[in-house]
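Q: Let me see the structure of the following:
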Amino acid sequence: MAASSKIVPFRLPPLPTIREIIKLYKLRAEKQLSQNFLLDLRLTDKIVRQAGSLRDAHVCEVGPGPGGLTRSILNAGAADLLLVEKDNRFIPGLKLLSEAAPGKVRIVQGDILTYRMDRAFPNVLNKEWEDDPPDLHIIGNLPFNVSTPLLVNWLENISNRTGPFVYGRTRLTLTFQKEVAERLTASTSSRQRSRLSIMAQYLCTVKSCFTIPGRAFIPKPEVDVGVVHFTPLAQPQIQQPFKLVEKVVRNVFQFRRKHCHKGIEMLFPEAQRLELAGQMMCEADVDPTRRPTELKIADFKALADVYSRLCSEYQNLLTYDFREELRLKHLHRKTRQGVVEESNGGAEWVDEY
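A: Next up, the predicted model:
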């Protein structure tokens with residue numbers, strides 16, 4: 001009886017170390033771009049394992065830099081690896097990796113915030129949204145300055161099933177500053193509960209994987225780094241347009257130290273503020289004296305559903321912005337005094353994810 005043939009896993013041939021690549025191409029992490037290199041391949045292997053099996057998978061790596069995480073992805077068996085790198089200094093080192101893994105690596109020099117990932121992979125990957133996730137993964141050791149806006153873009157893509165989610169419920173494994181990672185996974189009443197917690201968790205299963213100490217990076221950042229894994233939900237916990245949900249959540253958390261009615265009131269023009277805010281909280285069955293951090297996603301669902309109905313009843317309500325109203329009032333007052341000065345009018349909101 002003939003012996004069964006064994007599939008030999010792909011391993012990269014001997015290559016210069018990441019430190020040698022950095023030296024060879026005179027690479028330096030740019031502080032203004034929040035770049036930090038992770039050189040320990042044991043840690044990059046550990047990040048890649050959080051994504052699940054990559055054998056014969058399609059992967060997009062965001063911001064590969066000198067290519068440490070790239071090596072771990074290739075060694076994990078990815079069949080097709082798309083590298084999207086904005087900084088052209090890293091392209092020669094990435095081409096070296098591409099040559100070491102013929103036919104497996106594609107390099108795009110561009111900005112991931114504008115790159116059309118919906119055109120980057122074959123349609124054969126497509127899965128129905130309710131099915132298992134496609135064999136496609138997004139992985140990245142993200143620069144701190146782009147991580148939150150990029151994730152918010154992807155959350156909106158998930159809601160609309162656009163971008164990298166035209167293929168189905170594409171999974172993401174990403175790094176963030178530890179504080180941001182804690183916000184993403186914060187539970188109800190947690191001190192870290194924030195707007196970002198709600199926006200991520202109503203659309204995804206969000207899992208905190210592990211923390212990487214800052215000393216593992218070069219240069220050493222002032223904070224530790226958290227690895228977080230996202231799997232989009234087959235059914236979002238709030239069935240409303242992303243922009244509407246974001247507006248409700250943003251207004252509530254802008255007054256995070258006050259009772260939640262304060263933020264809800266600011267969804268409405270001054271003349272109707274108390275009446276409509278009271279109606280909204282009553283119909284949603286939300287206690288107006290609870291703090292924003294104490295509200296569950298089910299509470300935000302109820303609030304978003306009522307607000308959506310009110311927007312259909314009152315013209316221009318969805319586009320109303322109390323901050324613009326305050327700004328114009330303050331500008332008008334200063335103009336009458338003969339001094340044109342723009343400010344927030346003394347409002348004590350906290351506009352952060």
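
Q: Going by C-alpha atoms from here, please, whenever you check contacts or count neighbours.
A: Will do.

Q: If we go by neighbour counts, what in stretch 241-254 is buried?
A: Of the residues in stretch 241-254, those buried under the neighbour-count criterion (16 or more other CA atoms under 10 Å) are Phe242, Leu244, Val245, Glu246, Val248, Val249, Arg250, Asn251, Val252, Phe253, Gln254.

Q: Looking at those residues, spot the one nearest Ser194.
A: Within those, the smallest distance to Ser194 is 6.8 Å, found for Phe253 (CA to CA).

Q: For stretch 305-317, buried residues please.
A: Going by neighbour count (16+ other CA under 10 Å), the buried part of stretch 305-317 is Asp305, Val306, Tyr307, Ser308, Leu310, Leu317.

Q: Can you tell me which of those end up in helices?
A: Helix and strand membership here follows DSSP state H; of those, those in helices are Asp305, Val306, Tyr307, Ser308, Leu310.

Q: What is the nearest of those residues to Leu113?
A: Nearest to Leu113 among these: Ser308, at 29.0 Å, using CA to CA.

Q: ok, that closest one - contacts?
A: Counting by CA atoms under 8 Å, 6 or more residues apart in numbering, Ser308 makes contact with Gln240, Leu244.

Q: What's the separation between it and Val245?
A: Ser308 is 9 Å from Val245, where distance means CA to CA, to the nearest Å.

Q: Over to Asn126?
A: Here Asn126 is placed at a distance of 27 Å from Val245 (CA to CA).

Q: And the strands in this protein, which stretches?
A: Listed from the start of the chain, the chain has strands (DSSP state E) covering 37-38, 58-62, 80-85, 105-109, 136-140, 171-177, 204-212, 217-218, 225-232.

Q: Dump those strands to JSON lines, plus distance to Ser187.
A: Shown next, in JSON lines, are the strands of the chain (distance: least, CA to CA, whole Å):
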{"stretch": "strand 37-38", "distance to Ser187": "29"}
{"stretch": "strand 58-62", "distance to Ser187": "28"}
{"stretch": "strand 80-85", "distance to Ser187": "33"}
{"stretch": "strand 105-109", "distance to Ser187": "38"}
{"stretch": "strand 136-140", "distance to Ser187": "24"}
{"stretch": "strand 171-177", "distance to Ser187": "18"}
{"stretch": "strand 204-212", "distance to Ser187": "11"}
{"stretch": "strand 217-218", "distance to Ser187": "29"}
{"stretch": "strand 225-232", "distance to Ser187": "15"}
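
Q: of those strands, which approaches Glu270 most closely?
A: When those are ranked by proximity to Glu270, the top entry is strand 204-212, at 35.2 Å, counting by CA to CA.

Q: what does the average pLDDT come to for the closest one?
A: Here the mean pLDDT over strand 204-212 is 98, rounded to a whole number.

Q: OK, contacts around Ala284?
A: Going by CA under 8 Å, 6+ apart, the list of residues near Ala284 reads Asp299, Ala302, Leu303, Val306.

Q: Among those, which one has the most neighbours?
A: Of these, Leu303 is surrounded by the most neighbours, 23 neighbours in total, counting by other CA atoms under 10 Å.

Q: Check whether it really touches Met281, as I assumed.
A: Yes - using CA atoms under 8 Å, Leu303 makes contact with Met281 at a distance of 7.0 Å.

Q: So which residues of this structure form helices?
A: Ranges of helices within the chain are 18-24, 41-49, 68-75, 91-100, 144-160, 178-185, 195-201, 242-253, 260-265, 273-284, 297-313, 322-336, based on DSSP H.

Q: How is this protein divided into domains?
A: Structural domains annotated on the chain: 18-232, 242-336, as defined by automatic domain parsing.

Q: Any idea how many residues pack against the nearest residue to Asn251 once chain neighbours are set aside?
A: Nearest residue to Asn251, sequence neighbours excluded (CA to CA, 6 or more residues apart in numbering): Gly263, at 4.9 Å. The local packing of Gly263 (other CA under 10 Å) involves 23 other residues.

Q: go on, the one 5 residues further on?
A: The tally of other residues near Phe268 (other CA under 10 Å) stands at 20.

Q: before we move on, what about Lys262?
A: Lys262 has 22 neighbours, counted by other CA under 10 Å.

Q: In space, what's closest to it - neighbours in sequence excluded?
A: Setting aside the residues directly before and after it, Lys262 is nearest to Phe255 in space (CA to CA, 6+ apart), at 6.8 Å.

Q: What pLDDT is listed against the one you found?
A: For Phe255, the pLDDT comes out at 92.

Q: do Asp135 as well
A: The predicted local distance difference test score for Asp135 is 97.
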